[in-house]
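# What follows is a predicted structure for the sequence shown.
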Amino acid sequence: MEMKRINAGKLRAIGYDARERVLRVEFDDGSAIDYSGVGTEVWRRLSSTGSAWSFYRDNIEEEFSGRRGVARSQKASSALEDLFKPPDADAES
């Protein structure tokens, strides 16, 4: 799922999988929630509004069931992998 970076209230990124109808919301504390059953119109309105935090609070947070998770940054995970890889790992590649 492609994420759109935003800076609205506690929101830091949003993404949508139209095929699965899943909306992912990532927060500034590193947590994330995947909401199921979200239609494309709700996604369109959230991704284009000038007040995403208010829209999220009013139209998504209590209206859809969500599953909590952790937002993962690909850049951070690769940095951790580089930190803990064996010293000779680059020579093997």
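Perfect, I can see it now.
# Which stretches in this structure count as helices?
40-48, 52-59, 74-84, 89-92 (DSSP state H).
# now the first one: mean pLDDT?
Just to be clear, that refers to helix 40-48. Taken as a whole, helix 40-48 has a mean pLDDT of 96.
# helices or strands next to that helix in the packing?
In terms of contacts (3 or more Cβ pairs under 8 Å, 6 or more residues apart in numbering; DSSP states H and E), helix 40-48 is packed against strand 11-17, strand 22-27, helix 52-59. Backbone N, C-alpha and C define where each C-beta goes, glycine included.
# and residue 65, which of these is closest to it?
Nearest to residue 65, of all the helices and strands packed on helix 40-48, is strand 22-27, at 11.0 Å by Cβ to Cβ.
# and the closest one, what does it pack onto?
Counting by 3+ Cβ pairs under 8 Å, 6+ apart, strand 22-27 packs on strand 11-17, strand 31-36, helix 40-48.
# Name the residues of the shortest one that are buried.
Put plainly, it is strand 31-36. 32-35 (16 or more other Cβ atoms under 10 Å).
# would TSV of the residues you listed with distance to residue 53 be doable?
Below are the buried residues of strand 31-36 laid out as TSV (distance: Cβ to Cβ, whole Å):
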residue	distance to residue 53
32	15
33	14
34	18
35	15
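# quick one: which of those residues is nearest residue 69?
Among the buried residues of strand 31-36, and counting by Cβ to Cβ, the member closest to residue 69 is residue 32, at 4.8 Å.
# and the residue nearest the centre of the chain, what is it in contact with?
The residue lying closest to the centre of the chain (Cα atoms, centre = their mean) is residue 26, at 3.9 Å. Neighbouring residues of residue 26 by Cβ atoms under 8 Å, 6 or more residues apart in numbering: 3, 11-14, 32, 71.
# run the last query once more with 10 Å
Listed by Cβ atoms under 10 Å, 6 or more residues apart in numbering, the contact partners of residue 26 are 3, 5-6, 10-15, 32-33, 69-73.
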